[in-house]
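J.: Sequence first, then the predicted structure, then my questions.
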Amino acid sequence: MRSLSAAADPTGLDRALASPCDGPVPPFAPGKIREEADARRFRPEWVRLAEAEEARVLARALWWGRPGSERPTALDCLQVLPSVAAPAAVAADLLAAGHAAFGTRARYHVSLPTGWEGDPVLRAAVDLRRTAGARAGPSREIQRLRDEWTPRRECRGERSAAVRGRHGRGVP
């Protein structure tokens, strides 16, 4: 298995987009990756691939940055095929290669649904990413709640909208 930048191959970004790296952590859709790449927020040199000897993509890591940035500021996607024998090691190798190439350790953003801690499959996927991050170098974990406005029907004089957090509790 080898790790390479998507910039090393003219088809590298297309191969990253076509990779069937899916799983319980929601991946970026190919259209969203292409949109971000067109805006220079994802760049081939900020995409790392792990591939088998037959050039099949086994894992991918996509870092994000502002259009004018020299280096990415966040890791937004880290995915390993479920069939990979040592997924945390493969993910850690991708992270270490990216850190070495960029000269920095970018933050890692993972968007998870409400109640993810109670889902054993999602919990295992997060644990894999935590393990890979710890192996690739020191890191700090911060959990943030994202609040969203959601419509609500009028009911007995209550307000017509509520803030519903990612934690699932509504605030009238």
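T.: Received it, and whenever you're ready, just let me know what you need. Just so it is clear, the model here is predicted, and its values are computed rather than measured.
J.: Next one: Ser150 relative to Thr114, how far apart?
T.: Slight slip there: residue 150 is Thr, not Ser. Here the criterion is Cβ to Cβ, to the nearest Å. By it, Thr150 lies 12 Å from Thr114. Placement of C-beta: from N, CA and C, glycine included.
J.: cool, and Arg48?
T.: As judged by Cβ to Cβ, Arg48 and Thr114 stand 30 Å apart.
J.: hmm, who's touching stretch 35-48?
T.: The contact list for stretch 35-48 (Cβ atoms under 8 Å, 6 or more residues apart in numbering) reads 3-7, 12-13, 16, 28, 33, 60-67, 72, 76, 94, 97-98, 101-102.
J.: Whichever of those end up buried, select them in ChimeraX.
T.: In ChimeraX syntax, the buried subset of the contacts of stretch 35-48 is picked out as below (16 or more other Cβ atoms under 10 Å):
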select :3,4,5,6,12,13,16,28,33,60,61,62,63,64,65,72,76,94,97,98,101,102
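J.: Could you list which of the contacts of stretch 35-48 belong to strands?
T.: If you go by DSSP state E, the contacts of stretch 35-48 have 3-5, 60-64, 76 in strands.
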